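Enquirer: Okay, predicted coordinates and the sequence, questions at the end:
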Amino acid sequence: MKKTLFTTLAVLFLAFVLAGLAADSVSAQGPTPTDDEVNRIAKQLYCPVCESTPLDVCPTEACRQWRDLIRQMLSEGKSEAEIKQYFVEQYGVRVLNEPPNRFVSYVVPVVAFLVGVFVLFRGFQMWMKPSITEAGAAESEADPIHQDEYIQKMEEELKKRK
């Protein structure tokens with residue numbers, strides 16, 4: 001009976017040790033993301049502090065911390081889209097490498113350019129042809145019926161002085 005008890009205790013002890021070793025090797029976080037995985041996402045984001053500098057090459061301490069944050073989020077199992085969304089929520093759309101709505105960002109400048117060309121074209125047309133007011137003034141001078149009485153008296157006085 002002593003032997004059976006000793007064997008049972010030894011087996012239980014060995015089972016607990018193996019269970020402890022197995023539980024120690026399994027972690028909730030998974031493997032640490034590599035620098036390439038972190039930089040793949042950081043390359044798609046701009047530094048919120050530096051002007052027009054991608055996050056993967058920015059030398060500031062803040063960018064190093066943001067790359068560490070990306071590494072931590074990857075190790076927590078977050079996707080690339082979730083990480084980008086986090087940065088957009090924190091720092092605005094300007095941190096994205098590409099505009100959120102590509103169609104609008106390409107169409108608006110073209111439309112603005114065409115409107116500008118149209119406005120210039122119409123302006124040159126109006127500048128080149130005589131204005132209606134000038135033509136109307138020339139007609140009224142030629143027609144003595146429409147002239148003002150005061151102007152007629154002035155002209156008569158001037159004719160008398162000659």
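Expert: Arrived safely, thanks for sending. Numbers count the residues shown, from 1 in each chain.
Enquirer: residue contacts, residue 70?
Expert: Counting by Cβ atoms under 8 Å, 6 or more residues apart in numbering, residue 70 makes contact with 38, 41, 42, 83. In short, each C-beta sits where N, CA and C put it, glycine included.
Enquirer: filter those to the buried ones?
Expert: Buried members of those, scored by 16 or more other Cβ atoms under 10 Å, are 38, 41, 42, 83.
Enquirer: how near is the first one to residue 56?
Expert: When distances are taken as Cβ to Cβ, to the nearest Å, residue 38 and residue 56 turn out to be 8 Å apart.
Enquirer: quick one: common contacting residues for those two?
Expert: The contact sets of residue 38 and residue 56 overlap at residue 67 (Cβ under 8 Å, 6+ apart).
Enquirer: what bits of this protein have low per-residue confidence?
Expert: For the chain, the stretches with pLDDT under 70 are 1-3, 5-6, 9-12, 14-15, 17-30, 99-101, 130-147, 162.
Enquirer: Kindly report the domain assignment for it.
Expert: According to automatic domain parsing, the chain comprises the domains 29-99, 102-145.
Enquirer: from the chain's centre, how far out does the longest one sit?
Expert: What it means is domain 29-99. 16 Å (Cα atoms, centre = their mean, to the nearest Å).
Enquirer: Just say which of the domains of the chain is most tucked in.
Expert: domain 29-99 (a mean of 15; mean count of other Cβ atoms under 10 Å).
Enquirer: quick revisit: just checking, which of the contacts of residue 70 belong to helices?
Expert: 38, 41, 42, 83 (DSSP state H).
Enquirer: What sits closest to residue 56 if chain neighbours are left out?
Expert: Leaving aside its chain neighbours, residue 56 sits nearest to residue 42 (3.8 Å; criterion: Cβ to Cβ, 6 or more residues apart in numbering).
Enquirer: surely the one you found meets residue 67?
Expert: Yes - the pair residue 42 and residue 67 qualifies as a contact (Cβ atoms under 8 Å) at a distance of 5.4 Å.
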